[in-house]
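Participant: heads up, no residue letters with this:
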DNA sequence: GTTTTTTTTGCAACCGGTTGCAAAAATTAT
DNA sequence: ATAATTTTTGCAACCGGTTGCAAAAAAAAC
């Protein structure tokens, strides 16, 4: 059907190697030859088959983009940035959805079968052991939104979740709240654990501030709303740090539903700064995660690893900042 | 590095064909042979290289998933459903982001270079000519959320946008609104045009109802909000049909900002029924698009086309329904 | 136990490319 | 003009698999 190398070689009356070289940059071809080949190729509408090529070059330019987070709106932006960034560098994202109980083993094997050059694991809820499995197969991997540890096994790019927790705590303390709480996502998410740890550690320096914590069943609007409704009926705190904006928005909805006023009666600070947090009818005070930097750094790291597979693993952490909107009482 | 067919053949002391057959279903291998090969394969951790295989089988099981819509939250669900659905059938989505002025020609060539078995174009704003280009290259293609025409060139799966427009108009008329308007997205989106057409056509049967229309600069919260602010300052209608939920939500924000009450002063009906439209603090009355059906049908169609590439093109349209929430006045 | 039929197996060619090597051609030096 | 050097080209093997075909082995029929 589509023209092959051989077809072009025949038409141009040259060897297949000549054609191959014409389409390989850095190869030795005379200008005359190149002209001849390019003419024939154009006439046949030829373009080289990447997969056949990959057999000998051992490079597919395919990058596995693995995630299990297809519900948090922020991930649409994540996919947007990743796909654009990768294709700008001539790489191709092979998307793997780990949502259900897709066997991780299975998806690892699958990526091997397609000979991906590397894998980007974009998730804050996948355990480190998962990305480690890739590394053990000598597959370059970067874990974006991964958990920081002082001696990482694989490359990690993201934020310092402990520090983000501290930041939230400081913010609440500075605004004079005396009874605060953490509202986390599903307990197993390591990122949520870290955020709590930082939150608690910071508060331990302020013994006059009462603290508590609880968990929503999922990182979702509904779960955040349900948990906040429960909390409000019992013995609510003055302000809450929600581990994710989507939880925060659920919580906001619960607060309004109970006839309470946000920021006058109950303060809320989120984390992520997703687009809709800035919408006027939500207007959530939150901690901004520098997504663009995180993603472009992840891609840079991946590109670097393609040339240097045994690169020593590093953790790249980016600082967050508080975005002040309307859901916390003003500073004194 | 990783074990190859030959390695397994050597270790098992059999021919490479035998090994190949063991990993090809429907091939003739004795039980004894299969045992032997499987043992050797397990010991070496072998699994076949899909890309090498594809060279002879001419099937990569790669499907190009092409979209230019990485901003509308509904597309996160779209990607979720597509990736899950495809991988359930042993297919792999190769994601192509057409967001910017990525040359469509270019992405078509790229998909050819990776020998994708087919392409799914998921967008309501890409012109029919785009997906046609794929078909012209004999690449199976389905245009999801494409525009319905009575004689489609390529397979189209989606809704009847004209009918959706009528549905919105009927809904407003039945609720007694006497002055209504359409608020569209960027003018070039064919889907938005069709929705307007249906809207106007239905209203033409109700001469007592005044109608008008205008366009937001983009399918975004901000654009919807800005346009609605402008409209409210001039000579607002009693109710608006917004061509997309994300516009509707922007419009809602504008209405509230102007100190007007939604549904008492201004009615709004959207289209899409994205998750957050159901959130209690938004509570948007909207037209539901049966996304799950649209996507699973798209995948089915793609799978069918893999076996029957010259399948006669069809349009599969799914009916929408109004989801009543709180942004329209109650029926009389 | 033969002969016939069916199943299993290996050989070798092929899928669409790349690449080391040596021969051929073009340059440059003498 | 010839010799030395550099560049360009083609040959042939290879990347990791699949598959038509014929030979070998096993099973069924006689």
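Facilitator: Done, it's in. Quick caveat, the model's predicted, so the values are computed rather than measured.
Participant: how about low-confidence regions in the stretch 101-250 of chain A?
Facilitator: Applying pLDDT under 70 to the stretch 101-250 of chain A flags the ranges A:101-102.
Participant: Identify the residue spatially nearest to whichever residue of it sits closest to DNA strand C, adjacent ones excluded.
Facilitator: Using Cβ to the nearest atom of the strand, the closest approach of the stretch 101-250 of chain A to DNA strand C is made by residue A:115 at 12.5 Å. The way it works is simple: take the backbone N, C-alpha and C, and place the C-beta from them, glycine included. Among residues not flanking residue A:115 along the chain, residue A:60 sits closest, at 4.9 Å (Cβ to Cβ, 6 or more residues apart in numbering or on different chains).
Participant: Can you say which helix or strand has residue A:316 in it?
Facilitator: strand A:315-318 (DSSP states H and E).
Participant: which strands and helices sit next to that strand?
Facilitator: Counting contacts by 3 or more Cβ pairs under 8 Å, 6 or more residues apart in numbering or on different chains; DSSP states H and E, strand A:315-318 is packed against strand A:155-159, helix A:291-307.
Participant: any chance of these in TSV, plus distance to DNA strand C?
Facilitator: Listed next are the helices and strands packed on strand A:315-318 as TSV, based on distance: least, Cβ to the nearest atom of the strand, whole Å:
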stretch	distance to DNA strand C
strand A:155-159	27
helix A:291-307	15
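Participant: Tell me if stretch A:29-45 is near DNA strand D.
Facilitator: Yes. Using Cβ under 7 Å from any atom of the strand, we find that stretch A:29-45 touches DNA strand D at A:29, A:30, A:32, A:33.
Participant: tell me the mean pLDDT over that stretch?
Facilitator: Across stretch A:29-45, pLDDT averages out at 94.
Participant: Residues of the stretch 1-150 of chain A that sit close to chain B?
Facilitator: Contacts of the stretch 1-150 of chain A with chain B, taken as Cβ under 8 Å from any Cβ of the partner chain, map to A:1-2, A:47-52, A:54-55, A:60, A:62, A:65, A:70-71, A:73, A:75-77, A:79-80, A:83-84, A:87, A:92-97, A:99-100, A:102, A:109-110, A:112-115, A:138.
Participant: Check those for burial and list the buried ones.
Facilitator: For these, a burial check counting by 16 or more other Cβ atoms under 10 Å in any protein chain shown picks out A:48-52, A:54, A:60, A:62, A:65, A:70-71, A:73, A:75-77, A:79-80, A:83-84, A:87, A:92-97, A:102, A:110, A:112-115.
Participant: and these near DNA strand D, which?
Facilitator: Among these, the ones lying near DNA strand D by Cβ under 7 Å from any atom of the strand are residue A:52.
Participant: Give me the subset of the buried ones among the residues of the stretch 1-150 of chain A next to chain B that lies in helices.
Facilitator: Cross-referencing these against helices under DSSP state H gives A:50-52, A:54, A:75-77, A:79-80, A:83-84, A:87, A:110, A:112-113.
Participant: Among these, name the ones that also lie close to DNA strand C.
Facilitator: Answer for those near DNA strand C (Cβ under 7 Å from any atom of the strand): residue A:52.
Participant: Could you report the distance from the residue most central in space within chain A to residue B:325?
Facilitator: What sits nearest the mean C-alpha location of chain A, by Cα atoms, centre = their mean, is residue A:122, with 3.8 Å. Look at residue A:122 and residue B:325: by Cβ to Cβ, to the nearest Å, they are 33 Å apart.
Participant: Could you give the number of residues near the closest residue to residue A:318 other than its chain neighbours?
Facilitator: Once flanking residues are discounted, residue A:318 sits nearest to residue A:290: 4.8 Å by Cβ to Cβ, 6+ apart. A count of nearby residues for residue A:290, using other Cβ atoms under 10 Å in any protein chain shown, gives 16.
Participant: ok so, going back, mean neighbour count, the helices and strands packed on strand A:315-318: which tops it?
Facilitator: Mean neighbours per residue, mean count of other Cβ atoms under 10 Å in any protein chain shown, is largest over these for strand A:155-159, with a mean of 26.
Participant: what helices or strands is it leaning on?
Facilitator: Strand A:155-159 packs on strand A:141-144, helix A:291-307, strand A:315-318, going by 3+ Cβ pairs under 8 Å, 6+ apart.
Participant: mind listing what the residue nearest to residue A:115 touches?
Facilitator: Applying Cβ atoms under 8 Å, 6 or more residues apart in numbering or on different chains, we find residue A:60 in contact with A:50, A:51, A:54, A:114, A:115, A:116, A:117, B:51.
Participant: that older thread, so can I have CSV of the helices and strands packed on strand A:315-318 showing distance to residue B:168?
Facilitator: Below are the helices and strands packed on strand A:315-318 laid out as CSV (distance: least, Cβ to Cβ, whole Å):
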stretch, distance to residue B:168
strand A:155-159, 43
helix A:291-307, 35
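Participant: Dump the helices and strands packed on strand A:155-159 to JSON lines, plus distance to DNA strand D.
Facilitator: Formatted as JSON lines, the helices and strands packed on strand A:155-159 follow (distance: least, Cβ to the nearest atom of the strand, whole Å):
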{"stretch": "strand A:141-144", "distance to DNA strand D": "21"}
{"stretch": "helix A:291-307", "distance to DNA strand D": "18"}
{"stretch": "strand A:315-318", "distance to DNA strand D": "33"}
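Participant: Hmm, residue A:137 and residue A:112 touching each other?
Facilitator: Yes. In terms of Cβ atoms under 8 Å, residue A:112 counts as a neighbour of residue A:137; the distance is 6.6 Å.
Participant: if we can go back for a sec, ok, the residue nearest to residue A:318 - contacts?
Facilitator: With Cβ under 8 Å, 6+ apart, residue A:290 has these contacts: A:159, A:318, A:319, A:320.
Participant: list the contacts for residue A:8?
Facilitator: A:19, A:37, A:40, A:41, A:44, A:46.
Participant: residues contacting the closest residue to residue A:16 other than its chain neighbours?
Facilitator: Excluding its sequence neighbours, the residue lying closest to residue A:16 (Cβ to Cβ, 6+ apart) is residue A:9, at 4.5 Å. Residue A:9 makes contact with A:15, A:16, A:18, A:19, according to Cβ under 8 Å, 6+ apart.
Participant: Just give me the neighbour total for residue A:227.
Facilitator: Neighbourhood size, residue A:227 [other Cβ under 10 Å]: 24.
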